[in-house]
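Enquirer: can't give you the sequence, but here's the structure:
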């Protein structure tokens, strides 16, 4: 059967290849800092046409434009601790996809993410609290409580616990126990959340107008690793 490649898919792959090439330059210490001159700035006064949108962590060590050696107008960037998604984040990314028609959306986590580490702490504190409250209950009741912990997490007032903490919990339920695992699961859950909660993003994916990539930046090497789920 013959397969066809859409223009958007070609653009998305080309954009992602260019971003990864820029990242390699950055990691090797050969960044060129493209499109950061006066002429580029002036050319973007009236309009922008970014090729990619990036949802990344707010961590000061992970600025997307720098680690991808990109320039002005190259990418539409949204940053929150641990890539936490709220209405403002979702609508910002929908604007990038639905109005600016970016063909690529990158969800970028990173090594040694403090938000993930805090999510682990908040989850541990919640489990200890619930276990102490139910210390006189039967083992069966306590096991059931742990199985339904996701519902308790989602009812929390902490956005970090409801987002990152839930990723940590799901990773633990799958038998994973390292921060690297938690970071990767959090990236995967973030992508799932975007697709589940945004009709605009779902439709763009369905019509092959958008490609979503999950990636993780390594602080130790400066390289971005592409994740597969």
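Expert: Looks like it came in fine. All of these numbers come straight from a predicted model, not from anything done at the bench.
Enquirer: and the closest residue to residue 149 other than its chain neighbours, what does it touch?
Expert: Nearest residue to residue 149 in three dimensions, chain neighbours excluded: residue 169, at 6.1 Å (C-beta to C-beta, 6 or more residues apart in numbering). All C-beta atoms are positioned from the backbone trio N, CA, C, and that covers glycine. With contact taken as C-beta atoms under 8 Å, 6 or more residues apart in numbering, residue 169 is in contact with 123, 149-150, 153.
Enquirer: Sort out which of those residues are buried, if you could.
Expert: 123, 149, 153 (16 or more other C-beta atoms under 10 Å).
Enquirer: mind listing which of these are in helices?
Expert: 123, 149, 153 (DSSP state H).
Enquirer: pLDDT and distance to residue 173 added to the residues you listed, as JSON lines?
Expert: Shown next, in JSON lines, are those (pLDDT from 0 to 100; distance: C-beta to C-beta, whole Å):
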{"residue": "123", "pLDDT": "93", "distance to residue 173": "11"}
{"residue": "149", "pLDDT": "86", "distance to residue 173": "9"}
{"residue": "153", "pLDDT": "89", "distance to residue 173": "12"}
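Enquirer: I'd like those residues as a markdown table, with distance to residue 181 appended.
Expert: As requested, these are exported to a markdown table (distance: C-beta to C-beta, whole Å):
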| residue | distance to residue 181 |
| --- | --- |
| 123 | 14 |
| 149 | 18 |
| 153 | 18 |
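Enquirer: from those, which is closest to residue 30?
Expert: residue 123 (40.7 Å; C-beta to C-beta).
Enquirer: Now do the same contact list for the closest one.
Expert: Taking C-beta under 8 Å, 6+ apart, one finds 153, 161, 165, 168-169 in contact with residue 123.
Enquirer: Let's see that with 7 Å instead.
Expert: Counting by C-beta atoms under 7 Å, 6 or more residues apart in numbering, residue 123 makes contact with 161, 165, 168-169.
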